[in-house]
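Trainee: Sequence and predicted structure below; questions after.
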Amino acid sequence: MEAGTIFYSAIPWKPKQPFPRNPSSFPRFIRASASSQSQGGYRGPKPSQDLVADWVMNNDDAVRSLPIYVGGASLLAVLFNRTVSGIAPVADASSSQSRADLLAISLAVTSILTGLVWLSIRPKSITVVNPKGVECQMICSYLPDSVVSELLWAWESLSAVTCCRSLVVVYDGICLLQIGMAAESGNSGEAVIVDASKLTQGSVYLGVMRSKAQRYLANLLLYPGRSELPFLPSNTQAVILQPLGDKGIAIIGGDTIRGFTTSDQSWIAFIGEKLDATLAKYSNIVPSMVQEGI
């Protein structure tokens, strides 16, 4: 019997009060000096505003259509001028007016084509996707309470302030934690369990271990190696592969394309170092306990 079938156990877990997502809910303390109040309020530097950029952002459709209107009006103006000026409608290469009209028509058509391209090419809106799967809370039952608390703290922190919806921690060839949303196993309604031995032999795991650096898959649907992560929901949008020293990896699945910011990536790297420092103390204890459990 494989060890992975017995050292997994579902544990009842009541998460602590999550961190508020809205920073405005945190208490703020402001100290105002008497001199600033007497001079009519805050006189320090104020954030600059780009009025043009703000106007373009608020009138996106009108700005994209503007080249079409400008080009169309310019084309009509050239034709009207050609009609009322008494010049022959046939273009004459020897006439400076004909050459100027041809240049103006070319610019007007180019402007119209530019507007059509702007209308056809729009940035895809990024929305939060509800993971398709089942809730999963499985943890290695042989871990000490201190390690369990550390792993649950990492999950609570990541799920509260980032787009993380799935977390898997594999260390020393053993899956210690699988929590959050997981892929559903057929029609049974049960979560797909992480096969640690298969995962550690895949190119995704080996690539992260060789580079010893965090790997961010901002759009998992475009990454061919997603087949090596069958335990994640099928519509997982982004994944961070965080190495835990030389022996483990943390797989963090998100619900938004490019949802993990640069600050999130740096913070996750620090969390990975903290987990590695904690798990390294028990790296020789947990495998032996698992063997005894068999």
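Mentor: Okay, I see it. Note that the coordinates shown come from a computational prediction; the quantities given were computed from them, not determined experimentally. Numbering: from 1, shown residues only.

Trainee: From Val194, how far out is Lys281?
Mentor: Note on Lys281: its distance to Val194, by CB to CB, to the nearest Å, is 23 Å. (C-beta placed from N, C-alpha, C; glycine too.)

Trainee: So these two - more neighbours on which side?
Mentor: Looking at Lys281 and Val194 with other CB atoms under 10 Å, you find the greater number of neighbours at Val194, namely 26 against 11.

Trainee: Would you tell me what the next helix or strand after the helix or strand of the chain with the lowest mean pLDDT is?
Mentor: The weakest-scoring helix or strand in the chain, judged by mean pLDDT, DSSP states H and E, is helix 34-38 (a mean of 41). Moving toward the C-terminus from helix 34-38, the first helix or strand encountered (DSSP states H and E) is helix 51-58.

Trainee: what separates that next one from the chain centre, distance-wise?
Mentor: Distance of helix 51-58 from the chain centroid (CA atoms, centre = their mean, to the nearest Å) equals 25 Å.

Trainee: How about residues contacting it?
Mentor: Outside helix 51-58, the residues that touch it by CB atoms under 8 Å, 6 or more residues apart in numbering are Val63.

Trainee: could you give the mean pLDDT of it?
Mentor: Helix 51-58 shows a mean pLDDT of 80.

Trainee: and what of stretch 120-139?
Mentor: 86.

Trainee: how about that stretch: buried residues?
Mentor: 129, 131, 133-134, 136-139 (16 or more other CB atoms under 10 Å).

Trainee: Kindly report the same for stretch 183-202.
Mentor: 183-184, 191-194, 196, 199-200.

Trainee: Then stretch 223-242?
Mentor: 225-226, 229, 231-233, 236-242.

Trainee: List just the nearest of those residues to Arg64.
Mentor: The closest of these to Arg64 turns out to be Gln237 (CB to CB; 26.9 Å).

Trainee: can you pull the contacts of the closest residue to that closest one other than its chain neighbours?
Mentor: Spatial nearest neighbour of Gln237, chain neighbours left out: Ile257 (4.7 Å); criterion: CB to CB, 6 or more residues apart in numbering. Each residue near Ile257 by CB under 8 Å, 6+ apart is listed here: 126, 218-219, 237-238.

Trainee: Where does the prediction get shaky in this structure?
Mentor: Low-confidence regions of the chain, defined here as pLDDT under 70, cover residues 1-49, 88-94, 283-294.

Trainee: Next, please give the residue ranges for the helices of it.
Mentor: With DSSP state H, the ranges of helices along the chain come out as 34-38, 51-58, 60-84, 96-120, 145-161, 196-200, 203-211, 262-279, 286-293.

Trainee: Which among those is found nearest to Tyr171?
Mentor: Going by CB to CB, the one of the helices of the chain nearest Tyr171 is helix 262-279, 4.9 Å.

Trainee: What angle do helix 145-161 and that closest one make with each other?
Mentor: Helix 262-279 and helix 145-161 are oriented at 170 degrees to each other (axes from the mean of the first three to the mean of the last three CA atoms, to 10 degrees).

Trainee: gap between helix 262-279 and the chain center?
Mentor: Between the centre of helix 262-279 and the centre of its chain there are 17 Å (CA atoms, centre = their mean).

Trainee: ok, residues contacting that helix?
Mentor: When contacts are taken as CB under 8 Å, 6+ apart, the neighbours of helix 262-279 outside the stretch itself are 146-147, 150-151, 154, 157-158, 161-162, 169, 171-172, 176, 214, 216, 240, 242-245, 247-248, 250, 252, 260.

Trainee: Was I right to think Pro131 contacts Arg165?
Mentor: Yes: distance between Pro131 and Arg165: 5.2 Å, which falls inside the contact criterion (CB atoms under 8 Å).

Trainee: Quick check: neighbours shared by those two?
Mentor: Counting by CB under 8 Å, 6+ apart, the common neighbours of Pro131 and Arg165 are 181, 233, 236, 253, 255.

Trainee: re earlier: TSV for the buried residues of stretch 183-202, including distance to Glu273?
Mentor: Listed next are the buried residues of stretch 183-202 as TSV, based on distance: CB to CB, whole Å:
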residue	distance to Glu273
Ala183	29
Glu184	33
Ala191	28
Val192	29
Ile193	27
Val194	22
Ala196	21
Leu199	21
Thr200	20
